[in-house]
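1. predicted model and sequence follow; I will ask about them next.
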Amino acid sequence: MHSQLSSAGLIVQTSAVEKLKKLQNVIPLIEAANSSGVRLLNGATVDELLAISSSPTESPDETQKSLSQTTLPRPEQDTPHGRVLAPILQTPDEIIPRPRSSSGFNSSDFPLEAREVDSEIEIHFDITGQSSTEGR
């Protein structure tokens, strides 16, 4: 509870602690505080924010759904929301492009795919402005 309130930028005074412990869900309180610009929670402000917050009959699952801003598909949907700007065509792995006019090309000479190669990058940050990046 305290981590949720502090991550929302709210400061809790001791007069509000007992009232906050009685709450099952602090998300409606956080929403009300953000919409009204309240940053300091004391006993009086908690009462005011609870009065303007959403009704207690609303389940926590419904509150979480209303806060969701994702465009990923829900489990009951087949496709994501939105539009496809640049579709990516999947090519089958069996078709390997071969260089033209190269009779000695053999795909077994290249056992690694690009995603299997390890990269060793060393970055040195210097406060004097002489930072360097080295790759191997």
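-> Perfect, thanks for sending it.
2. now do the strands in this structure.
-> Counting by DSSP state E, one finds strands in the chain at the ranges 11-12, 40-41, 121-124, 132-135.
3. so which elements touch the second one?
-> Using 3 or more CB pairs under 8 Å, 6 or more residues apart in numbering; DSSP states H and E as the contact criterion, the secondary-structure elements in contact with strand 40-41 are strand 11-12. Using the backbone N, CA and C atoms, a C-beta is placed for each residue, glycine as well.
4. which elements pack onto the strand it packs on?
-> Where contact means 3+ CB pairs under 8 Å, 6+ apart, strand 11-12 is packed against helix 2-7, strand 40-41.
5. buried ones in the longest one?
-> By neighbour count on 16 or more other CB atoms under 10 Å, the buried set for helix 2-7 is Leu5.
6. which elements pack onto it?
-> Using 3+ CB pairs under 8 Å, 6+ apart: helix 2-7 touches strand 11-12, helix 27-36.
7. please redo it, this time with the cut-off set to 10 Å
-> strand 11-12, helix 14-21, helix 27-36 (3 or more CB pairs under 10 Å, 6 or more residues apart in numbering; DSSP states H and E).
8. quick check: mean pLDDT of that helix?
-> The average pLDDT for helix 2-7 rounds to 82.
9. around the nearest residue to Ile30 once chain neighbours are set aside, how many other residues sit close by?
-> Distances taken as CB to CB, 6 or more residues apart in numbering place Ala8 nearest to Ile30, at 4.6 Å, with adjacent residues excluded. Per other CB atoms under 10 Å, the neighbour tally for Ala8 reads 15.
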